[in-house]
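S.K.: Attaching a predicted model along with its sequence, questions to come.
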Amino acid sequence: MNVLVLDPRGEFYRFVLVCAGHDCRRMDSLHGFGDWVPDVVITEVKLKSGNGFRACMELKKLYLGVKVIFLTKSDRKIFRNYAHIVGASSYILKPVGLVQLLSLI
């Protein structure tokens, strides 16, 4: 499974997913992955180059069927609701356990 991690501090998640056999890339923006197409995207609400909500909308336009998961520290109800409005599959609060992380994919 191709997994894209859009999180400035997401290197640990990338490491875990690679160890579990996934082709996983961590990036700070939606640019620069060429022909590689994500099946699943894990994003934070706040990104260096914008926000996860805008990224989710763009990804949903670019890749039909991509699963977007918000993995965040932001426990605001408005963020949770907006994530679902823009097409997110899940909105999970950090910290997340390894088993839970792998079960999301």
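M.R.: Here it is on my side, so go on. Residues are numbered from 1 along each chain as shown.

S.K.: Strands of the chain, residue ranges please.
M.R.: Secondary structure of the chain by DSSP state E: the strands cover 2-6, 23-27, 40-43, 46-47, 50-51, 67-72, 90-93.

S.K.: Columns mean pLDDT and distance to residue 61 on top of the ones you listed, output as JSON lines?
M.R.: Just so you know, the C-beta spots here come from the backbone N, C-alpha and C atoms, and that holds for glycine as well. As requested, the strands of the chain are exported to JSON lines (pLDDT from 0 to 100; distance: least, Cβ to Cβ, whole Å):
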{"stretch": "strand 2-6", "mean pLDDT": "95", "distance to residue 61": "15"}
{"stretch": "strand 23-27", "mean pLDDT": "92", "distance to residue 61": "18"}
{"stretch": "strand 40-43", "mean pLDDT": "96", "distance to residue 61": "13"}
{"stretch": "strand 46-47", "mean pLDDT": "90", "distance to residue 61": "17"}
{"stretch": "strand 50-51", "mean pLDDT": "88", "distance to residue 61": "15"}
{"stretch": "strand 67-72", "mean pLDDT": "96", "distance to residue 61": "12"}
{"stretch": "strand 90-93", "mean pLDDT": "96", "distance to residue 61": "20"}
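
S.K.: Which one of the ones you listed lies nearest to residue 16?
M.R.: Closest approach to residue 16 among the strands of the chain is made by strand 23-27 (8.6 Å; Cβ to Cβ).

S.K.: elements contacting the closest one?
M.R.: For strand 23-27, the packing partners by 3 or more Cβ pairs under 8 Å, 6 or more residues apart in numbering; DSSP states H and E come out as strand 2-6, helix 11-19.

S.K.: and among these, the most buried is which?
M.R.: Neighbour counts (mean count of other Cβ atoms under 10 Å) averaged over each of the helices and strands packed on strand 23-27 peak at strand 2-6, with a mean of 24.

S.K.: For residue 96, find the nearest of the helices and strands packed on strand 23-27.
M.R.: Of all those, helix 11-19 comes closest under Cβ to Cβ, at 8.5 Å.
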